[in-house]
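[1] Quick one: sequence plus predicted model below, questions after.
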Amino acid sequence: MIASPATIKTRQRGFTLIELVLVIIIITVASVPLFGMFTQATTSLLDNEDLQVAAQLAQEQAEKLLAQRRALDFTAVSASTTETGIYNGFNRTTDVAQPPPGGCPGGTLCKAVTVSVDKGGPVLVEVVFLLVDY
């Protein structure tokens with residue numbers, strides 16, 4: 001006995017439209033926190049780059065002052081300066097002052113130097129050191 005095509009029940013394979021929509025919704029909801037992490041990672045990278053540039057600019061100024069002290073004289077390092085917009089909006093301030101009493105080692109002459117770098121907001125990096133006349 002041969003069955004007619006109308007009496008044969010075939011089972012269709014595949015997914016229904018509702019199942020596909022549910023999977024898309026689940027994937028979308030699961031991916032939202034991932035996008036937040038990518039945004040946070042990008043912001044963190046930019047902040048770290050600013051800190052690295054600020055540290056390099058502060059170190060550069062400190063080395064300039066040390067070279068000036070070696071080449072010219074201890075007394076040549078005396079002026080406090082402020083440089084604005086030196087590199088991509090960074091500002092650098094150098095303060096040269098007398099240290100508090102007893103601040104110089106062994107009673108020698110010295111100067112307290114503070115180099116601070118900002119980017120139009122709070123200070124990102126500050127380098128403090130003593131220049132000693134030995």
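    Cool, the structure landed.

[2] May I have the predicted confidence score for the most centrally placed residue in the chain?
    Centroid-nearest residue in the chain: Asn48, 1.9 Å away (criterion: Cα atoms, centre = their mean). Listed pLDDT for Asn48 reads 93.

[3] Assign a three-state SS to it, would you?
    helix (DSSP: H, G, I helix; E, B strand; the rest coil).

[4] roughly how far apart are it and Thr42?
    11 Å (Cβ to Cβ, to the nearest Å). All C-beta atoms are positioned from the backbone trio N, CA, C, and that covers glycine.

[5] same question, Asp95
    35 Å.

[6] Arg70 now?
    42 Å.

[7] More neighbours: which of Asp95 and Thr42?
    Asp95 (15 against 10; other Cβ atoms under 10 Å).

[8] Asp133 touches Gly106, doesn't it?
    No - counting by Cβ atoms under 8 Å, Asp133 does not reach Gly106; the two are 11.3 Å apart.

[9] Looking at the two, which is more packed in?
    Asp133 (13 against 7).

[10] Might you report the residue contacts of the more buried one?
    Phe74, Thr108, Leu109, Cys110 (Cβ atoms under 8 Å, 6 or more residues apart in numbering).

[11] Just those: which are in strands?
    Using DSSP state E, the members of the contacts of Asp133 that fall within strands are Leu109, Cys110.

[12] Name the member of the contacts of Asp133 with the most neighbours.
    Counting by other Cβ under 10 Å, top hit in those: Cys110 with 19 neighbours.

[13] Would you agree it is in contact with Phe129?
    No - counting by Cβ under 8 Å, Phe129 is not a contact partner of Cys110; they are 9.9 Å apart.

[14] Pick out the most distant pair among the contacts of Asp133.
    Phe74 and Thr108 (9.9 Å; Cβ to Cβ).

[15] ok so, going back, mind picking the lowest-pLDDT entry from the contacts of Asp133?
    Among the contacts of Asp133, Phe74 has the weakest pLDDT, 80.

[16] Dig out what Val125 forms beta bridges with.
    Val117 (DSSP bridges).

[17] Strands along the chain, start to end?
    Using DSSP E, strands in the chain cover 81-87, 90-97, 109-118, 123-133.
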